Each structure stands twice: as C-alpha cells, then as structure tokens.
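>>> Quick one: sequence plus predicted model below, questions after.
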Amino acid sequence: MDQIDNYKIVEKIGEGGMGEVYKGVDVMLEREVAIKLLRPELSSREDIVNRFRSEAVALGRLNHSNIAVVYNFGKLPAGQFYMALEFVHGDTLDTVIKRSGSLPWQKAVKYALGILEGLDHAHGFNIVHRDIKPANIVVTNHDTVKILDFGIARILETARLTRVGHLVGTLEYVSPEQIQGKDTDAKSDIYSVGVVLYEMLTGHIPFEKETEYDLIKSQIEEKPKAPHTLCGNIPPKLEKLVLKALEKNPDKRFASAREFCDALIAVSNECADSARAAPARLPSNKLWGFCREYPGPVFLLALLAFGLIYFLWMQLGAADFAKPPDVATVSASQPPAALAPLAGNDSAAGGTPDQDSNKKPDAGERLPPPPIVPIQPVGESPLDGARLPAPARIGAVSAAEDNKARVKPPAPAKPKKERRIADDDPGIGRAADNFFN
C-alpha cells in the first residue's frame, strides 16, 4: 500500500487491537500524519463503523496542546475506514520510564499536569479516554506530553474485543469499576493517571502480579504500597495526592481532572519553596524511607545509642575529668634548672653556691615552691629603699644568677678620724727614728 487518499504511506509503525498504524505525509499540505487503519473484519460491522465515525467526529472537536489532533476520517475503496491524526515526534512515556527508571518528582509532576490538562479539556466534551497508560502518552522533543488514542477503547468496547492476555483497556492501569464492568466516567481516567504518576515516581506499577487473576483481585481489593517505600525522595504531600487518586471508591478520588491538577500545582510550589528555604540534602533514599516507614523502632534505637554513649562517657571520660592533678616529680637524670635549690652562699648548707646549685635532687623528691617575686607598687621609685631583686624571668634561672641577686652590697667605709700630733710631742722623734732606721 503506497497511498491512502491524499496521504503517502512512508512506513508501518505499529499495530493494535483496532488495526494497523502507518506514518504518512499529506501530499497537499506537506505535513506528517499518523494513519490508523481499521481492520477489515471490523469495517464490515455497522456498529463498529458507527462508533468509529462518532469518535472521529468527537475527537475532531478537541483542540488542545496535550492531545494529538485528528485531521481526517475516511473510507477506502476496499471498504476499510481510516483516521488521520497528528504525527508526534518523541518517545512514548513507557520508553522513557524503562530507560531511566523512576523520574525526578518535579519532572513526573510536570508530565502528570500535561496529561490532566488534556483530559480536563476532553472531559469538558464528555469524552473519556478509558485507556490512559504510558504507551498512549508521547513525550515530545520539546519535553511536553501528548495523549494518543482517544476513543479507541470505546470502539473496542463496542466490538467487545480482547487482546491476547488482556482485557479491553490495559489491566494494570484501568480502574476497579472498569474491571468490574460498571459505568465509567472521568474518575476512571483520574485513577489511571494516578497509576501512571505512581509509576513515574517509583519505576513500578502499584500492583505487580504474575497472573491476571491476582492482578484483578489486587486492583479491586488491595491498597497499593506507599510510594516512598520504593523511592524515598518523594514529598509526603505529593504521595498523599497519588494515593487519593488510587482510591478504590470513585467518590473518594478527586472530583475532576482540574481538581487533581490544582492540587498538584499547589504541592509542587510548596515543595519547591521548602527546597529553596532548606537546601540541605536528605539521607539516602533507602535509609530515609525506612525511618519514615518505621519511626517507632528508629526512635528506640536512637535512644539506646544515646544511653550507651552516655554510659561510656560516665565510666571513662567523667572519672578522668574529675581526678585531681598529680604532684609534679622531677627525674633524677634531668632536673629542671628553674627548680634548683636557692641556697645562696649560706655556710650551713656546706660548699660553695655553685656546688649547691648543681646538686641533683633524689628521684621522687618533693621540691619547694618557686620563690615569690615582690611587685613594685605603682608610684614608688625603684631607687628608694633597699635594692630590688632581679626581675622574674620565664624559663630556667641559674643558681649563680640567683645568688648574685641575693648578695647584699658592701656597707660604705666609715671615714677615719685624723689625729693631730703636736709638734712638741716627744714621741714624734722616736717614731721618725724608728721609721728611717
């Protein structure tokens, strides 16, 4: 097949429950398109064709930046019906999640907001997607999202078709009421968006089971695990919004896509403000998630660790801290010069001052306290009164210097009285005779 009406076929890009999907080019407008071709066996059923046409007409009214636009609806000469849509460049969200695992919560919220904005626009026209999943969402080259396959689930529902191993809609993402065959509305899409957001934040879907029976049972009865147990860097308030969207009872979910969208915007802004105010990094994801999940045991462990540290401090540190200092002893091999005996030149000590200063004290001998140097009062002249001792010096003082400071200056000599001798003193002659003789 080379061409369908005005669309030149470039290549086949996929195949689904409704039919085949081709990439084409509008030869008149020179723009790329995606062409969904209804399977021949479906084109022969009038109810399917009517549903296909009504969905194409409804989708043609949608004009939103987060929804792939429907360009045309037509029928081939062979009787097959087709739908031409906007061709979106980018990767499916499913591919993005598989490539990177969990996404940063800021980016996950950004993508979820785009999905909800598109759904809110469609819900305003009473159009419910019914098959929201990462494979039906494209992340464009401009880092925005586009929703694909609006109305396809309703067409398949009308035909009561099933794909191999799956029900109509993707079982991992459909709402509990949809699994049970109840009437679905916009809240079913909200549940599916909650599942997609959960997967973007954690890298896992809420329920991972081996069989469809277990998966159906989990979707209807079980509560999903808290997202922070799988990825610890999720803000708690954001987690509450995700779990609210995943409520089993539709009345407990958000009333509309707009309400869900507004709640995400508020929490995102609040978390961003908190991050700017307190830029300190949290502990590792697993440790932080464990602390949030089990606060009681973590508190007891912290209390026990504090008690153990306090006990060790009391036993080891406090005892040494309170112990009085030991009296200093001097080793016999190397006595400090500053503490040498200051005996001076006292004759009772025996020996010269130099000998006394070099005397080595016995090991363990208690030494006398160092001498106290008097302080000269302010205003007095150091020349008044007795001579001041040598100033105290920090460090060692030799015994010779100390003895020198202790020696008193010699008393001034008293003048001798001159004796005048009279010239007629008879003793002068005798003294002179004796001196010259």
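Structure received.
>>> mind listing the strands for the stretch 101-250 of the chain?
Under the criterion DSSP state E, counting those that start in this stretch, the stretch 101-250 of the chain carries strands at the ranges 137-140, 145-147.
>>> contacting residues around the longest helix along the chain?
Ranked by number of residues, the top helix in the chain under DSSP state H is helix 257-277. Judged by CB atoms under 8 Å, 6 or more residues apart in numbering, the contacts made with helix 257-277 from elsewhere in the structure are 105-106, 109, 112-113, 116-117, 119-120, 123, 186, 189-190, 193, 235, 237-238, 241, 245, 254. For every residue, glycine as well, the C-beta is placed using N, CA and C.
>>> returning to that earlier point: I'd like the strands of the stretch 101-250 of the chain laid out as TSV, including mean pLDDT, distance to residue 250 and mean neighbour count.
Formatted as TSV, the strands of the stretch 101-250 of the chain follow (pLDDT from 0 to 100; distance: least, CB to CB, whole Å; neighbours: other CB atoms under 10 Å):
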stretch	mean pLDDT	distance to residue 250	mean neighbour count
strand 137-140	95	22	21
strand 145-147	95	21	23
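>>> out of those strands, nearest to residue 224?
If you check each of the strands of the stretch 101-250 of the chain against residue 224 by CB to CB, strand 137-140 wins as the nearest, at 20.2 Å.
>>> Tell me which other helices or strands the closest one touches.
Taking 3 or more CB pairs under 8 Å, 6 or more residues apart in numbering; DSSP states H and E as the contact definition, the neighbouring helices and strands of strand 137-140 are strand 90-92, helix 93-100, helix 105-123, strand 145-147.
>>> Can you lay out those as a markdown table showing distance to residue 31?
As requested, the helices and strands packed on strand 137-140 are arranged in a markdown table below (distance: least, CB to CB, whole Å):
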| stretch | distance to residue 31 |
| --- | --- |
| strand 90-92 | 16 |
| helix 93-100 | 24 |
| helix 105-123 | 21 |
| strand 145-147 | 15 |
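>>> now, of the ones you listed, which is deepest in the fold?
Per-residue neighbour counts averaged over each of the helices and strands packed on strand 137-140 give the maximum for strand 145-147, namely a mean of 23 (mean count of other CB atoms under 10 Å).
>>> returning to that earlier point: by how many degrees do the longest helix of the chain and helix 105-123 diverge?
Using axes from the mean of the first three to the mean of the last three CA atoms, to 10 degrees, one finds that helix 257-277 and helix 105-123 are set 160 degrees apart in direction.
>>> For helix 257-277, output the C-alpha coordinates as CSV.
Listed next in CSV are the C-alpha coordinates belonging to helix 257-277 (Å, rounded to 0.1, in the frame of the first residue of the first chain):
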residue,chain,number,x,y,z
ALA,A,257,-9.1,16.3,36.4
ARG,A,258,-9.0,20.0,37.2
GLU,A,259,-9.1,19.4,40.9
PHE,A,260,-6.3,16.9,40.7
CYS,A,261,-4.3,19.3,38.6
ASP,A,262,-4.7,22.2,41.0
ALA,A,263,-3.7,20.1,43.9
LEU,A,264,-0.5,19.0,42.1
ILE,A,265,0.3,22.6,41.3
ALA,A,266,-0.1,23.7,45.0
VAL,A,267,2.0,20.9,46.4
SER,A,268,4.7,21.4,43.7
ASN,A,269,5.0,25.1,44.5
GLU,A,270,5.1,24.4,48.3
CYS,A,271,7.8,21.7,47.9
ALA,A,272,9.8,23.9,45.7
ASP,A,273,9.7,26.8,48.2
SER,A,274,10.7,24.4,51.0
ALA,A,275,13.6,23.1,49.0
ARG,A,276,14.8,26.7,48.4
ALA,A,277,14.5,27.6,52.0
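>>> contacting residues around the closest residue to residue 145 other than its chain neighbours?
Sequence neighbours aside, residue 114 is the residue nearest to residue 145 in space, at 3.9 Å (criterion: CB to CB, 6 or more residues apart in numbering). Contact partners of residue 114, counting by CB under 8 Å, 6+ apart, are 66, 144, 145.
>>> Stretch 24-42: end-to-end distance?
Taking CA to CA, to the nearest Å as the measure, stretch 24-42 stretches 22 Å from start to finish.
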